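> coords please:
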Amino acid sequence: MLLNCDMGESFGVWEMGVDEQLMPHVDLANIACGGHASDPNVMSKTLALAKQHDVTVGAHPSYADIAGFGRRSIPYQADELTHLVLTQIGALDALCQFHQLKLSYVKPHGALYNDMHKNPEIFEAVCRALTGLNQVPQLMVHATQCQGFISELAERYQLSLIKEAFADRRYLSDGRLQARSQAGAVLTSKEQLLEQVDLLLSQRSLRCADGSLLKVEADTLCVHGDNQAAVKLVQAIKQQIQSSNID
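As a prediction, the model looks like this:
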């Protein structure tokens with residue numbers, strides 16, 4: 001099980017996250033590329049950090065929504081959205097080449113990530129952006145919502161999917177994430193998170209909000225770390241994964 005984490009989300013003099021402390025403990029870095037956060041200098045610095053720690057690099061594009069941190073849905077025409085996503089990915093890809101790195105995958109951010117799992121037109125617009133690159137990267141999707149049009153369109157565009165689960169989010173029995181506005185939607189205690197990770201590793205399942213078990217076939221686990229306490233939690237999750245591999 002690989003750990004992925006959102007990174008490079010600072011902007012100018014404004015700092016977000018603790019990337020330098022977190023990078024040594026993750027496998028995949030989802031690097032913001034100007035839509036919801038970041039700028040050329042931040043992107044370059046984050047790529048250099050990923051290279052230093054041999055972390056696989058992915059683009060983290062979003063709607064053009066720096067003020068809302070990419071968490072607001074914005075209506076675009078399909079071709080407009082393709083161009084927006086392609087521009088962000090292309091910028092990071094150019095910097096990857098500068099640092100002699102490979103852009104391996106794309107994971108849309110925030111509202112765009114949520115919307116593409118609900119709307120085939122939005123998902124297809126993202127697919128078209130990826131296939132516009134010379135070397136087509138993989139696409140990261142929600143492991144419990146990648147059936148139906150997601151798998152069909154990915155096959156049509158010959159895209160390889162990376163399926164992810166979330167360490168710190170409570171799921172509903174239909175595979176959707178529980179809304180953040182509801183109590184208990186975000187797991188905050190170390191015990192809760194490690195219990196969720198253990199269940200995923202040992203039984204390929206997650207405990208839903210109603211108490212039922214949900215089968216999850218995931219390639220990667222998303223972790224969040226924006227402070228020192230969170231970094232220690234990510235370290236604990238990494239150790240848990242390594243122990244399960246030994247067992």
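
> run through the helices of the protein in chain order.
Counting by DSSP state H, the chain has helices at residues 19-22, 40-52, 78-98, 110-116, 120-130, 149-156, 190-203, 228-246.

> packing partners for the first one?
Translated: helix 19-22. Counting contacts by 3 or more C-beta pairs under 8 Å, 6 or more residues apart in numbering; DSSP states H and E, helix 19-22 packs against strand 2-7, helix 40-52, helix 228-246. To be clear about C-beta, it is placed using only N, CA and C from the backbone, and glycine gets the same treatment.

> just these: most buried one?
Mean neighbour counts were compared across those using mean count of other C-beta atoms under 10 Å; the top stretch is strand 2-7, at a mean of 23.

> could you check the angle it makes with helix 190-203?
140 degrees (axes from the mean of the first three to the mean of the last three C-alpha atoms, to 10 degrees).

> check which helices and strands strand 2-7 is in contact with.
Where contact means 3+ C-beta pairs under 8 Å, 6+ apart, strand 2-7 is packed against helix 19-22, strand 28-32, strand 56-60, strand 220-223, helix 228-246.

> which residues does the second one contact?
Contacts with strand 28-32, where a contact means C-beta atoms under 8 Å, 6 or more residues apart in numbering, come from 2-9, 23, 38, 42-43, 46-47, 50, 55-60, 62, 92, 104-105, 107, 109, 140, 220.

> could I get the phi/psi values of Arg180?
Main-chain torsions, Arg180, degrees, to the nearest 10: phi -60, psi -20.

> so what's the spatially most central residue of the chain up against?
Nearest residue to the geometric centre of the chain (C-alpha atoms, centre = their mean): Lys107, 4.9 Å. Shown in contact with Lys107 (C-beta under 8 Å, 6+ apart): Asn4, Asn30, Gly58, Ala59, His60, Tyr113, Leu139, Met140, Ile162, Glu164.

> 10 Å instead?
Listed by C-beta atoms under 10 Å, 6 or more residues apart in numbering, the contact set of Lys107 reads 4, 6, 28, 30-31, 58-61, 113, 137-141, 162, 164, 220, 222.

> for His25, give its distance to Gln158.
33 Å (C-beta to C-beta, to the nearest Å).

> who's more crowded, these two?
More crowded of His25 and Gln158, by other C-beta atoms under 10 Å: His25, with 21 against 9.
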